[in-house]
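Asks: my questions concern the predicted model and sequence given below.
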Amino acid sequence: MVSYKELGLVNTREMFAKAVDGGYAIPAFNFNNMEQLQAIIQAAAETKSPVILQVSKGARNYANATLLRYMAEGAVAYAKELGWEHPQICLHLDHGDSFETCKSCVDTGFSSVMIDASSLPYEENIALTKKVVEYAHQFDVTVEAELGVLAGVEDEVSAAESHYTKPEEVIDFATRTGCDSLAISIGTSHGAYKFTPEQCTRDPKTGRLIPPPLAFDVLHEIEKKLPGFPIVLHGSSSVPQEYVDMCNKYGGNLPNAVGIPEEQLREASKSAVCKINIDSDSRLAMTAAVRKHLAEKPSHFDPRQYLKPAREEMKKMYIHKIVNVLGSDGKA
Ligand code: G3H
Ligand code: 13P
Ligand code: ZN
């Protein structure tokens with residue numbers, strides 16, 4: 001059993017309480033490799049922003065669970081080396097799919113876990129979430145749960161509205177599960193293709209897709225039911241057009257990629273939304289920079305030559321999100 005406290009990590013409890021009070025959101029950036037981790041820590045240390053390092057089950061398999069734990073411990077030491085005296089870094093399991101996966105993360109140094117039982121019937125979601133909460137809380141590990149199904153091309157869900165979180169369920173769900181935060185569905189979705197062109201309108205000048213707006217009415221109803229309770233938004237990459245264009249210019253093929261407009265995320269951050277998940281934007285920044293570098297310097301084959309600019313691009317993107325979208329700079 002490895003406690004996250006020994007690794008210098010923190011859980012989400014205090015971060016979220018301050019974020020809800022202060023009207024900002026904590027960035028939850030997914031990572032799978034060293035360059036992403038370096039960029040996240042540099043961005044958080046430079047802006048003095050609390051940060052959640054998010055690891056999916058797939059990322060754990062890709063990078064190796066043991067190595068990841070040491071990377072998170074290393075991230076805390078690295079943040080201190082960068083002059084961040086008291087780093088507020090959380091290591092969080094993203095989309096935990098079973099009690100066993102969550103337990104394994106609690107037992108190996110995670111300070112927060114998500115149990116995503118949102119695809120199960122309501123009562124089964126409650127039962128599984130409660131089981132994870134009961135285990136995790138013994139070790140002061142915080143738990144995120146999910147209610148509602150994120151729509152999107154990835155899930156092959158077409159009628160987005162019918163899967164929004166039902167505000168009338170949230171009090172019962174939060175009370176009976178004891179979860180520390182709740183991921184809700186208000187129209188965000190995972191990946192770089194969040195909406196089909198048919199779900200969007202087109203900007204007449206640029207021809208770019210304009211996605212349908214988030215359901216702020218649902219968010220506000222949820223806030224009224226659970227005042228001050230930490231709300232989480234998944235699927236919140238904005239899919240910056242500059243990265244999509246850069247990928248496409250240098251040999252990529254990402255037609256009609258579209259994300260959540262940053263103004264809407266900025267608005268959400270000011271509400272009870274206190275954690276915003278971003279993964280795809282990091283993938284896009286990295287891929288765009290690597291493609292550009294290799295296209296312009298075809299003789300390069302040392303990975304450091306193309307991963308360095310990729311890391312710089314990700315760091316720039318993370319700082320932009322922290323400062324201009326989530327407003328978490330200076331809060332750590
Ligand atoms: O929500 C999912 C995250 O973007 C993680 O994706 O399972 O491909 O690592 P992944
Ligand atoms: P994006 O695909 O929009 O980056 O969402 C990531 C996410 O929700 C991770 O859980
Ligand atoms: Zn997610």
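Replies: That came through fine. Ligands and ions are numbered 1, 2, ... in the order given.

Asks: for Leu7, what are its contacts?
Replies: Each residue near Leu7 by CB atoms under 8 Å, 6 or more residues apart in numbering is listed here: Arg69, Ala72, Glu73, Val76, Leu91, Gly109. Backbone N, C-alpha and C define where each C-beta goes, glycine included.

Asks: now render these as CSV, adding pLDDT.
Replies: Shown next, in CSV, are the contacts of Leu7 (pLDDT from 0 to 100):
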residue, pLDDT
Arg69, 89
Ala72, 95
Glu73, 96
Val76, 98
Leu91, 98
Gly109, 97
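
Asks: nearest to Thr12, of the residues you listed?
Replies: Nearest to Thr12, judged by CB to CB, of the contacts of Leu7 is Leu91 at 10.5 Å.

Asks: that closest one contacts Thr108, correct?
Replies: No. Leu91 is beyond contact range of Thr108, at 9.6 Å (criterion: CB atoms under 8 Å).

Asks: for the contacts of Leu7, which one is nearest Lys205?
Replies: Distance ranking of these against Lys205, using CB to CB, places Leu91 first at 43.9 Å.

Asks: name the element the closest one belongs to?
Replies: Leu91 belongs to strand 89-96 when assigned by DSSP states H and E.

Asks: who does that strand touch, helix- and strand-wise?
Replies: Helices and strands touching strand 89-96, as assessed by 3 or more CB pairs under 8 Å, 6 or more residues apart in numbering; DSSP states H and E, comprise strand 26-30, strand 51-56, helix 57-63, helix 65-81, helix 99-107, strand 112-115.

Asks: how does it look with 6 Å?
Replies: With contacts defined as 3 or more CB pairs under 6 Å, 6 or more residues apart in numbering; DSSP states H and E, the packing partners of strand 89-96 are strand 51-56, strand 112-115.

Asks: direction included, what does the first one pair against?
Replies: Each strand that strand 51-56 pairs with, and the sense of that pairing, follows from DSSP bridges: strand 26-30 (parallel), strand 89-96 (parallel).

Asks: contacting residues around the longest one?
Replies: By CB atoms under 6 Å, 6 or more residues apart in numbering, the residues outside strand 89-96 that reach it are 9-10, 12, 51-54, 56, 72, 76, 102, 105, 110-116.

Asks: tell me which of Leu91 and Thr108 has more neighbours.
Replies: Legend: neighbour count by other CB atoms under 10 Å for Leu91 and Thr108, higher for Leu91 (28 against 19).

Asks: show me where the protein has its strands.
Replies: Assigned by DSSP state E, the strands in the chain fall at 26-30, 51-56, 89-96, 112-115, 142-147, 181-184, 201-202, 209-210, 231-233, 273-278.

Asks: what lines up beside the fourth one in the sheet?
Replies: Using DSSP bridges, the neighbouring strands of strand 112-115 in the sheet come out as strand 89-96 (parallel), strand 142-147 (parallel).

Asks: turn these into CSV, columns for distance to ligand 1.
Replies: Output for the strands paired with strand 112-115, formatted as CSV (distance: least, CB to the nearest ligand atom, whole Å):
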stretch, distance to ligand 1
strand 89-96, 5
strand 142-147, 11
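
Asks: in JSON lines, list those strands along with distance to Arg291.
Replies: Formatted as JSON lines, those follow (distance: least, CB to CB, whole Å):
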{"stretch": "strand 89-96", "distance to Arg291": "26"}
{"stretch": "strand 142-147", "distance to Arg291": "34"}
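
Asks: and the strands of the chain as TSV, adding distance to Gln36?
Replies: Shown next, in TSV, are the strands of the chain (distance: least, CB to CB, whole Å):
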stretch	distance to Gln36
strand 26-30	8
strand 51-56	9
strand 89-96	13
strand 112-115	18
strand 142-147	21
strand 181-184	22
strand 201-202	33
strand 209-210	27
strand 231-233	20
strand 273-278	11
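
Asks: and the residue nearest to Met286 when sequence neighbours are not counted, how far from Gln42?
Replies: Leaving aside its sequence neighbours, Met286 sits nearest to Ala310 (CB to CB, 6 or more residues apart in numbering; 4.5 Å). According to CB to CB, to the nearest Å, Ala310 stands 13 Å off from Gln42.

Asks: can you pull the pLDDT of the one residue sitting closest to the centre of the chain?
Replies: Residue closest to the average C-alpha location in the chain (CA atoms, centre = their mean): Asn277, at 1.9 Å. Asn277 is assigned 98 on the pLDDT scale.

Asks: and the closest residue to Met317 other than its chain neighbours, how many neighbours?
Replies: In space, and not counting its chain neighbours, Met317 is closest to Ala285: 4.6 Å by CB to CB, 6+ apart. Other residues within reach of Ala285, judged by other CB under 10 Å, total 26.

Asks: who touches Ala285 in this structure?
Replies: Ala285 is in contact with Tyr243, Glu313, Met314, Met317, counting by CB under 6 Å, 6+ apart.

Asks: tell me who's in contact with the nearest residue to the second one once chain neighbours are set aside.
Replies: This means Glu313. Spatial nearest neighbour of Glu313, chain neighbours left out: Ala289 (4.0 Å); criterion: CB to CB, 6+ apart. By CB under 6 Å, 6+ apart, Ala289 lies in contact with Pro309, Ala310, Glu313.
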